[in-house]
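**Student:** Give me the fold of what follows.
(one chain, ligands or ions: 2)
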Amino acid sequence: MAAQTPALVLGIETTCDETAAAVVERQTDGSGRILSNIVRSQTGEHAPFGGVVPEIAARAHVDLLDGLVDTAMKEAGLSFKQLTGVAAAAGPGLIGGVIVGLTTAKAIAMVHDTPLIAVNHLEAHALTPRLTCALAFPYCLFLASGGHTQIVAVLGVGKYVRLGTTVDDAMGEAFDKVAKLLGLPYPGGPQVEQAAVNGDPKRFAFPRPMVGRPEANFSLSGLKTAVRNEADRLAPLEPQDIADLCASFQASVLESTKDRLHTGLKLFQEQFGAPRALVAAGGVAANQAIRSALQEVAAKAQTTLIIPPPALCTDNGAMIAWAGAERLALDMIDPLDAPPRARWRLDGEESSAKSGDKSRVNF
Ligand code: KG4
Ligand code: ZN
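**Tutor:** Ligands and ions are numbered 1, 2, ... in the order given. Next up, the predicted model:
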(Lines give C-alpha, C1' and ligand atoms only; values in the text may rest on other atoms or scores of the structure.)
(Ligands and ions follow the chains in the order given, each with its own letter.)
Protein backbone atom coordinates (compact mmCIF):
# COMPACT_ATOMS: atom_id res chain seq x y z
CA MET A 1 0.00 0.00 0.00
CA ALA A 2 1.53 3.34 -1.03
CA ALA A 3 1.89 6.13 1.53
CA GLN A 4 -0.74 8.91 1.34
CA THR A 5 1.25 11.62 3.15
CA PRO A 6 4.83 12.91 2.87
CA ALA A 7 7.28 11.07 5.12
CA LEU A 8 9.90 12.65 7.37
CA VAL A 9 12.59 10.13 8.19
CA LEU A 10 15.68 10.35 10.39
CA GLY A 11 18.58 8.22 9.10
CA ILE A 12 21.58 6.99 11.10
CA GLU A 13 24.80 5.60 9.58
CA THR A 14 27.52 3.95 11.71
CA THR A 15 28.68 0.89 9.73
CA CYS A 16 32.28 1.99 9.21
CA ASP A 17 34.24 5.12 10.06
CA GLU A 18 31.67 7.82 9.32
CA THR A 19 29.21 8.77 12.04
CA ALA A 20 26.23 10.34 10.31
CA ALA A 21 22.67 11.50 10.90
CA ALA A 22 20.25 13.14 8.46
CA VAL A 23 16.61 13.95 7.92
CA VAL A 24 14.99 13.42 4.54
CA GLU A 25 11.50 14.20 3.32
CA ARG A 26 9.83 11.95 0.75
CA GLN A 27 6.77 13.23 -1.07
CA THR A 28 3.94 10.92 -2.13
CA ASP A 29 5.03 11.34 -5.78
CA GLY A 30 8.34 9.70 -4.86
CA SER A 31 10.48 12.84 -4.96
CA GLY A 32 12.81 13.60 -2.09
CA ARG A 33 14.45 16.48 -0.27
CA ILE A 34 17.31 16.52 2.23
CA LEU A 35 16.46 18.62 5.28
CA SER A 36 19.77 18.00 7.05
CA ASN A 37 22.79 15.79 6.46
CA ILE A 38 25.51 15.75 9.12
CA VAL A 39 28.60 13.57 8.64
CA ARG A 40 31.57 13.31 10.95
CA SER A 41 34.44 11.32 9.44
CA GLN A 42 36.75 9.51 11.84
CA THR A 43 39.64 9.41 9.35
CA GLY A 44 41.89 11.31 11.77
CA GLU A 45 41.34 8.75 14.53
CA HIS A 46 42.24 5.83 12.25
CA ALA A 47 45.02 7.39 10.14
CA PRO A 48 47.87 6.46 12.55
CA PHE A 49 46.91 2.79 12.10
CA GLY A 50 46.73 2.88 8.29
CA GLY A 51 43.14 1.61 8.25
CA VAL A 52 39.89 1.51 10.19
CA VAL A 53 40.24 -0.02 13.67
CA PRO A 54 36.80 -1.49 14.60
CA GLU A 55 37.10 -0.88 18.34
CA ILE A 56 38.12 2.76 17.86
CA ALA A 57 35.28 3.22 15.35
CA ALA A 58 32.64 1.79 17.71
CA ARG A 59 33.79 3.99 20.62
CA ALA A 60 33.84 7.08 18.42
CA HIS A 61 30.27 6.35 17.23
CA VAL A 62 29.18 6.16 20.88
CA ASP A 63 30.83 9.52 21.60
CA LEU A 64 29.54 11.30 18.51
CA LEU A 65 26.15 9.95 17.57
CA ASP A 66 23.86 11.65 20.14
CA GLY A 67 25.23 15.08 19.26
CA LEU A 68 24.95 14.44 15.52
CA VAL A 69 21.34 13.28 15.79
CA ASP A 70 20.55 16.38 17.82
CA THR A 71 22.18 18.65 15.21
CA ALA A 72 20.43 16.87 12.32
CA MET A 73 17.03 17.29 13.99
CA LYS A 74 17.70 20.96 14.80
CA GLU A 75 18.88 21.73 11.27
CA ALA A 76 15.76 20.07 9.90
CA GLY A 77 13.70 22.16 12.33
CA LEU A 78 11.85 19.10 13.64
CA SER A 79 11.07 17.44 16.93
CA PHE A 80 11.19 13.64 17.23
CA LYS A 81 7.37 13.60 17.49
CA GLN A 82 7.14 14.96 13.94
CA LEU A 83 9.09 12.05 12.43
CA THR A 84 7.26 9.47 10.33
CA GLY A 85 10.01 6.95 10.93
CA VAL A 86 13.58 6.37 12.06
CA ALA A 87 16.02 4.37 9.95
CA ALA A 88 19.44 2.98 10.81
CA ALA A 89 21.95 1.02 8.79
CA ALA A 90 21.64 -2.44 10.37
CA GLY A 91 24.60 -3.80 8.34
CA PRO A 92 26.68 -4.92 6.62
CA GLY A 93 29.61 -3.39 8.44
CA LEU A 94 31.75 -3.41 11.55
CA ILE A 95 29.44 -4.92 14.13
CA GLY A 96 30.33 -2.64 17.06
CA GLY A 97 29.40 0.46 15.07
CA VAL A 98 26.28 -1.14 13.61
CA ILE A 99 25.06 -1.96 17.13
CA VAL A 100 25.58 1.66 18.24
CA GLY A 101 23.53 3.13 15.35
CA LEU A 102 20.77 0.52 15.36
CA THR A 103 20.31 0.63 19.13
CA THR A 104 20.09 4.42 19.04
CA ALA A 105 17.42 4.23 16.33
CA LYS A 106 15.51 1.61 18.31
CA ALA A 107 15.53 3.81 21.41
CA ILE A 108 14.16 6.78 19.42
CA ALA A 109 11.54 4.56 17.76
CA MET A 110 10.43 3.14 21.09
CA VAL A 111 10.33 6.38 23.06
CA HIS A 112 8.54 8.33 20.32
CA ASP A 113 6.39 5.46 19.11
CA THR A 114 7.55 5.81 15.52
CA PRO A 115 8.32 2.99 13.04
CA LEU A 116 11.84 1.56 12.81
CA ILE A 117 13.39 0.73 9.44
CA ALA A 118 16.51 -1.47 9.59
CA VAL A 119 18.24 -0.53 6.35
CA ASN A 120 20.84 -2.51 4.46
CA HIS A 121 23.76 -0.09 3.93
CA LEU A 122 24.24 -1.37 0.36
CA GLU A 123 20.57 -0.80 -0.41
CA ALA A 124 20.99 2.80 0.74
CA HIS A 125 23.85 3.31 -1.75
CA ALA A 126 21.72 1.60 -4.41
CA LEU A 127 18.67 3.84 -3.91
CA THR A 128 20.52 7.18 -3.65
CA PRO A 129 20.04 8.17 -7.34
CA ARG A 130 16.28 8.01 -6.77
CA LEU A 131 16.76 10.78 -4.20
CA THR A 132 19.15 12.88 -6.29
CA CYS A 133 17.56 12.51 -9.72
CA ALA A 134 14.34 10.49 -9.39
CA LEU A 135 15.83 7.62 -11.40
CA ALA A 136 13.31 4.88 -12.33
CA PHE A 137 14.03 1.14 -12.03
CA PRO A 138 15.77 -0.90 -13.32
CA TYR A 139 19.35 0.30 -13.29
CA CYS A 140 22.84 -1.06 -12.76
CA LEU A 141 24.87 -0.06 -9.71
CA PHE A 142 28.65 -0.14 -9.46
CA LEU A 143 29.55 0.25 -5.81
CA ALA A 144 33.26 0.62 -5.02
CA SER A 145 34.29 1.67 -1.54
CA GLY A 146 36.74 0.65 1.16
CA GLY A 147 34.53 -2.27 2.14
CA HIS A 148 32.60 -3.24 -1.00
CA THR A 149 33.07 -3.77 -4.71
CA GLN A 150 29.89 -4.95 -6.36
CA ILE A 151 27.85 -4.77 -9.55
CA VAL A 152 24.16 -4.93 -8.67
CA ALA A 153 20.98 -5.00 -10.75
CA VAL A 154 18.61 -2.65 -8.92
CA LEU A 155 15.12 -3.80 -9.94
CA GLY A 156 12.94 -2.24 -7.23
CA VAL A 157 12.94 -1.42 -3.52
CA GLY A 158 14.08 -4.66 -1.88
CA LYS A 159 14.69 -6.28 -5.30
CA TYR A 160 18.35 -6.64 -6.07
CA VAL A 161 20.45 -9.14 -7.96
CA ARG A 162 24.17 -9.17 -7.36
CA LEU A 163 25.85 -9.62 -10.73
CA GLY A 164 29.42 -9.43 -9.48
CA THR A 165 31.52 -8.91 -6.40
CA THR A 166 35.16 -8.96 -5.36
CA VAL A 167 36.50 -12.37 -4.49
CA ASP A 168 39.11 -10.83 -2.16
CA ASP A 169 39.91 -7.16 -1.42
CA ALA A 170 37.53 -4.26 -2.03
CA MET A 171 38.75 -1.72 -4.58
CA GLY A 172 39.20 1.11 -2.06
CA GLU A 173 40.98 -1.34 0.23
CA ALA A 174 43.40 -2.19 -2.60
CA PHE A 175 44.14 1.52 -3.13
CA ASP A 176 44.69 1.91 0.62
CA LYS A 177 47.01 -1.12 0.82
CA VAL A 178 49.06 -0.01 -2.18
CA ALA A 179 49.38 3.46 -0.67
CA LYS A 180 50.50 1.99 2.62
CA LEU A 181 53.16 -0.26 1.11
CA LEU A 182 54.50 2.74 -0.84
CA GLY A 183 54.63 4.85 2.33
CA LEU A 184 51.71 7.11 1.37
CA PRO A 185 49.23 8.17 4.09
CA TYR A 186 45.72 6.80 4.75
CA PRO A 187 43.20 6.97 3.13
CA GLY A 188 45.29 5.95 0.18
CA GLY A 189 42.91 6.30 -2.76
CA PRO A 190 43.33 10.04 -3.32
CA GLN A 191 47.11 9.73 -2.66
CA VAL A 192 47.55 7.01 -5.26
CA GLU A 193 45.44 8.95 -7.77
CA GLN A 194 47.53 12.07 -7.15
CA ALA A 195 50.88 10.26 -7.42
CA ALA A 196 49.72 8.50 -10.60
CA VAL A 197 49.29 11.84 -12.39
CA ASN A 198 53.09 12.15 -12.69
CA GLY A 199 53.72 8.47 -13.31
CA ASP A 200 54.20 6.21 -16.31
CA PRO A 201 51.26 3.76 -16.50
CA LYS A 202 53.24 1.51 -18.86
CA ARG A 203 56.44 1.15 -16.84
CA PHE A 204 55.20 -1.96 -15.01
CA ALA A 205 53.10 -4.63 -16.72
CA PHE A 206 50.91 -5.56 -13.77
CA PRO A 207 48.21 -8.24 -14.18
CA ARG A 208 44.74 -7.21 -15.40
CA PRO A 209 42.69 -9.22 -12.86
CA MET A 210 39.69 -11.22 -14.13
CA VAL A 211 39.77 -9.65 -17.61
CA GLY A 212 37.87 -11.83 -20.07
CA ARG A 213 36.14 -13.93 -17.40
CA PRO A 214 32.46 -14.67 -18.18
CA GLU A 215 31.14 -13.71 -14.73
CA ALA A 216 31.37 -10.10 -13.48
CA ASN A 217 33.57 -10.59 -10.42
CA PHE A 218 36.61 -8.58 -9.35
CA SER A 219 39.89 -9.61 -7.76
CA LEU A 220 42.39 -7.11 -6.40
CA SER A 221 44.69 -8.82 -3.94
CA GLY A 222 46.96 -10.42 -6.60
CA LEU A 223 47.46 -7.03 -8.22
CA LYS A 224 48.37 -5.51 -4.86
CA THR A 225 50.90 -8.32 -4.30
CA ALA A 226 52.40 -7.66 -7.74
CA VAL A 227 52.88 -4.00 -6.74
CA ARG A 228 54.44 -5.09 -3.45
CA ASN A 229 56.88 -7.45 -5.20
CA GLU A 230 57.96 -4.75 -7.65
CA ALA A 231 58.33 -2.20 -4.84
CA ASP A 232 60.46 -4.66 -2.83
CA ARG A 233 62.63 -5.32 -5.89
CA LEU A 234 63.21 -1.59 -6.48
CA ALA A 235 63.70 -0.52 -2.84
CA PRO A 236 64.72 2.08 -1.81
CA LEU A 237 62.05 3.82 -3.86
CA GLU A 238 62.63 7.16 -5.58
CA PRO A 239 59.61 9.51 -5.94
CA GLN A 240 59.46 8.64 -9.66
CA ASP A 241 59.28 4.91 -8.81
CA ILE A 242 56.33 5.59 -6.50
CA ALA A 243 54.58 7.65 -9.18
CA ASP A 244 55.17 4.94 -11.82
CA LEU A 245 54.01 2.17 -9.47
CA CYS A 246 50.82 4.14 -8.69
CA ALA A 247 50.17 4.91 -12.36
CA SER A 248 50.75 1.31 -13.43
CA PHE A 249 48.58 -0.02 -10.58
CA GLN A 250 45.78 2.38 -11.45
CA ALA A 251 46.03 1.48 -15.14
CA SER A 252 45.43 -2.18 -14.20
CA VAL A 253 42.47 -1.26 -12.00
CA LEU A 254 41.00 0.76 -14.87
CA GLU A 255 41.38 -2.02 -17.43
CA SER A 256 39.92 -4.55 -15.03
CA THR A 257 37.03 -2.25 -14.04
CA LYS A 258 36.11 -1.50 -17.65
CA ASP A 259 36.10 -5.18 -18.54
CA ARG A 260 34.17 -6.25 -15.43
CA LEU A 261 31.53 -3.54 -15.93
CA HIS A 262 31.22 -4.34 -19.60
CA THR A 263 30.53 -7.95 -18.60
CA GLY A 264 28.18 -6.86 -15.78
CA LEU A 265 26.15 -4.69 -18.14
CA LYS A 266 25.97 -7.54 -20.65
CA LEU A 267 24.63 -9.87 -17.93
CA PHE A 268 22.16 -7.17 -16.90
CA GLN A 269 20.92 -6.78 -20.48
CA GLU A 270 20.52 -10.55 -20.92
CA GLN A 271 18.55 -10.96 -17.69
CA PHE A 272 16.60 -7.72 -17.28
CA GLY A 273 16.75 -5.79 -20.56
CA ALA A 274 18.31 -2.35 -20.95
CA PRO A 275 19.22 -0.56 -17.70
CA ARG A 276 17.99 3.02 -17.38
CA ALA A 277 21.47 4.04 -16.20
CA LEU A 278 24.79 2.91 -14.87
CA VAL A 279 25.12 4.38 -11.37
CA ALA A 280 28.42 4.63 -9.51
CA ALA A 281 28.72 5.04 -5.74
CA GLY A 282 31.34 4.65 -3.00
CA GLY A 283 34.53 6.57 -2.31
CA VAL A 284 36.40 5.13 -5.30
CA ALA A 285 33.90 6.91 -7.59
CA ALA A 286 35.71 10.13 -6.60
CA ASN A 287 38.69 9.00 -8.71
CA GLN A 288 38.77 11.00 -11.96
CA ALA A 289 40.42 8.23 -13.97
CA ILE A 290 37.78 5.75 -12.76
CA ARG A 291 35.05 8.23 -13.65
CA SER A 292 36.40 8.55 -17.21
CA ALA A 293 36.55 4.77 -17.48
CA LEU A 294 32.93 4.51 -16.32
CA GLN A 295 31.92 7.13 -18.88
CA GLU A 296 33.57 5.03 -21.58
CA VAL A 297 31.80 1.87 -20.42
CA ALA A 298 28.40 3.59 -20.24
CA ALA A 299 28.80 5.11 -23.71
CA LYS A 300 29.75 1.73 -25.17
CA ALA A 301 26.69 0.15 -23.54
CA GLN A 302 24.52 3.06 -24.77
CA THR A 303 23.39 3.95 -21.30
CA THR A 304 23.68 7.04 -19.11
CA LEU A 305 26.25 7.32 -16.34
CA ILE A 306 24.95 8.78 -13.07
CA ILE A 307 27.31 9.56 -10.20
CA PRO A 308 25.59 11.22 -7.23
CA PRO A 309 27.41 14.25 -5.75
CA PRO A 310 30.50 13.17 -3.75
CA ALA A 311 28.85 13.80 -0.36
CA LEU A 312 26.08 11.36 -1.27
CA CYS A 313 28.44 8.84 -2.95
CA THR A 314 30.40 8.24 0.23
CA ASP A 315 28.79 7.10 3.48
CA ASN A 316 26.16 9.50 4.82
CA GLY A 317 22.92 9.58 6.80
CA ALA A 318 20.73 10.96 4.00
CA MET A 319 21.03 7.75 1.99
CA ILE A 320 19.94 5.72 5.03
CA ALA A 321 17.00 8.07 5.69
CA TRP A 322 16.03 7.91 2.01
CA ALA A 323 16.16 4.10 1.87
CA GLY A 324 14.08 4.13 5.07
CA ALA A 325 11.54 6.46 3.45
CA GLU A 326 11.36 4.30 0.31
CA ARG A 327 10.71 1.21 2.43
CA LEU A 328 8.25 3.02 4.67
CA ALA A 329 6.23 4.05 1.61
CA LEU A 330 5.79 0.33 0.93
CA ASP A 331 4.98 -0.46 4.57
CA MET A 332 8.29 -2.32 4.91
CA ILE A 333 9.01 -1.61 8.56
CA ASP A 334 10.97 -3.67 11.05
CA PRO A 335 10.40 -4.98 14.59
CA LEU A 336 12.34 -3.52 17.50
CA ASP A 337 14.37 -6.73 17.76
CA ALA A 338 15.73 -6.37 14.20
CA PRO A 339 19.28 -7.78 14.38
CA PRO A 340 22.53 -5.94 13.62
CA ARG A 341 24.39 -7.75 10.84
CA ALA A 342 28.11 -7.71 10.06
CA ARG A 343 27.37 -9.50 6.78
CA TRP A 344 24.19 -8.93 4.85
CA ARG A 345 23.86 -9.68 1.16
CA LEU A 346 21.60 -7.37 -0.75
CA ASP A 347 19.96 -10.17 -2.66
CA GLY A 348 18.81 -12.02 0.41
CA GLU A 349 21.35 -14.74 1.00
CA GLU A 350 22.83 -13.61 4.25
CA SER A 351 25.01 -15.31 6.75
CA SER A 352 24.58 -14.70 10.44
CA ALA A 353 26.64 -11.80 11.38
CA LYS A 354 27.02 -11.40 14.99
CA SER A 355 30.55 -12.77 15.12
CA GLY A 356 31.79 -11.81 11.67
CA ASP A 357 33.52 -8.57 12.59
CA LYS A 358 36.48 -8.38 10.20
CA SER A 359 39.22 -5.91 10.98
CA ARG A 360 39.66 -3.23 8.37
CA VAL A 361 43.22 -2.44 9.37
CA ASN A 362 45.48 -3.17 6.44
CA PHE A 363 48.33 -5.01 8.11
O1 KG4 B 1 32.68 5.03 0.47
P2 KG4 B 1 33.85 5.43 1.33
O3 KG4 B 1 34.01 6.89 1.65
O4 KG4 B 1 33.85 4.69 2.71
C5 KG4 B 1 33.74 3.31 2.87
O6 KG4 B 1 34.70 2.59 2.56
O7 KG4 B 1 32.67 2.87 3.31
O8 KG4 B 1 35.14 4.91 0.57
C9 KG4 B 1 36.41 5.09 1.09
C10 KG4 B 1 37.37 4.36 0.17
C11 KG4 B 1 38.77 4.34 0.72
O12 KG4 B 1 39.30 3.05 0.56
C13 KG4 B 1 39.50 5.35 -0.15
O14 KG4 B 1 40.87 5.09 -0.31
C15 KG4 B 1 38.75 5.21 -1.46
O16 KG4 B 1 37.40 5.03 -1.10
N17 KG4 B 1 38.91 6.41 -2.27
C18 KG4 B 1 39.53 6.42 -3.47
C19 KG4 B 1 39.58 7.79 -3.86
N20 KG4 B 1 38.97 8.54 -2.90
C21 KG4 B 1 38.57 7.67 -1.93
N22 KG4 B 1 40.05 5.45 -4.20
C23 KG4 B 1 40.63 5.79 -5.36
N24 KG4 B 1 40.74 7.06 -5.81
C25 KG4 B 1 40.24 8.09 -5.09
N26 KG4 B 1 40.35 9.35 -5.52
ZN1 ZN C 1 29.24 2.65 2.00
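**Student:** okay, CA-based contacts and neighbour counts for the rest of this
**Tutor:** Noted.
**Student:** so how many other residues sit close to the residue lying closest to P214 once chain neighbours are set aside?
**Tutor:** Leaving aside its sequence neighbours, P214 sits nearest to T263 (CA to CA, 6 or more residues apart in numbering; 7.0 Å). T263 has 22 neighbours, counted by other CA atoms under 10 Å.
**Student:** does T263 belong to a helix or a strand, and which?
**Tutor:** In this assignment (DSSP states H and E), T263 forms part of helix 239-272.
**Student:** Now do that helix: distance to the chain's middle.
**Tutor:** In this view, helix 239-272 has its centroid 18 Å away from the chain centroid, taken as CA atoms, centre = their mean, to the nearest Å.
**Student:** Whichever helix or strand comes after it - contacts with which helices or strands?
**Tutor:** Proceeding N to C from helix 239-272, the next assigned helix or strand is strand 278-281, under DSSP H and E. Secondary-structure packing of strand 278-281 (3 or more CA pairs under 8 Å, 6 or more residues apart in numbering; DSSP states H and E): helix 121-133, strand 139-144, strand 305-306.
**Student:** Please repeat the previous calculation with a cut-off of 7 Å.
**Tutor:** The helices and strands touching strand 278-281, judged by 3 or more CA pairs under 7 Å, 6 or more residues apart in numbering; DSSP states H and E, are strand 139-144, strand 305-306.
**Student:** quick one: which of those strands is nearest L10?
**Tutor:** Ranking the helices and strands packed on strand 278-281 by proximity to L10 (CA to CA) places strand 139-144 first, at 23.6 Å.
**Student:** Show me the contact partners of that closest one.
**Tutor:** Applying CA atoms under 7 Å, 6 or more residues apart in numbering, the contact partners of strand 139-144 are 126, 149-155, 171-172, 275-285.
**Student:** Check stretch 258-268 too.
**Tutor:** Counting by CA under 7 Å, 6+ apart, I151, A153, L163, G164, V211, E215, A216, N217, F218, A293, L294, V297 sit against stretch 258-268.
**Student:** So for T114, what's the nearest residue that isn't a sequence neighbour?
**Tutor:** G85 is the one closest to T114 (CA to CA, 6+ apart), at 5.3 Å.
**Student:** so who does I38 touch?
**Tutor:** Applying CA under 7 Å, 6+ apart to I38 gives the contacts A20, A21, A22, L68, A72.
**Student:** can you pull the buried residues of the helix or strand that it is a member of?
**Tutor:** In this assignment (DSSP H and E), I38 forms part of strand 32-41. By 16 or more other CA atoms under 10 Å, the buried positions in strand 32-41 come out as G32, I34, L35, S36, N37, I38, V39, R40, S41.
**Student:** From S248, how far off is Q82?
**Tutor:** Look at Q82 and S248: by CA to CA, to the nearest Å, they are 53 Å apart.
**Student:** ok, these two, which is more surrounded?
**Tutor:** Between Q82 and S248, S248 has the larger neighbour count (other CA under 10 Å), namely 23 against 13.
**Student:** ok, back up a step: need the next SSE after the strand holding I38, C-terminal direction.
**Tutor:** Using DSSP H and E, the helix or strand that follows strand 32-41 in sequence is helix 43-46.
**Student:** contacting residues around R276?
**Tutor:** Residues counted as contacts of R276 (CA under 7 Å, 6+ apart) are F137, P138, Y139, T303.
**Student:** any idea how far it lies from A289?
**Tutor:** 23 Å.
**Student:** And the strands in the stretch 101-250 of the chain, which stretches?
**Tutor:** 116-120, 139-144, 149-156, 159-165 (DSSP state E, counting those that start in this stretch).
**Student:** nearest to ligand 1, of these?
**Tutor:** Ligand 1 lies closest to strand 139-144 among those, at 7.1 Å (CA to the nearest ligand atom).
**Student:** Next secondary structure element downstream of the helix or strand bottoming out on mean pLDDT in the chain?
**Tutor:** The weakest-scoring helix or strand in the chain, judged by mean pLDDT, DSSP states H and E, is helix 43-46 (a mean of 90). Sequence-wise, the next helix or strand downstream of helix 43-46 (DSSP H and E) is helix 54-76.
**Student:** which residues of this protein score low on pLDDT?
**Tutor:** For the chain, the stretches flagged by pLDDT under 70 are 1-4, 349-363.
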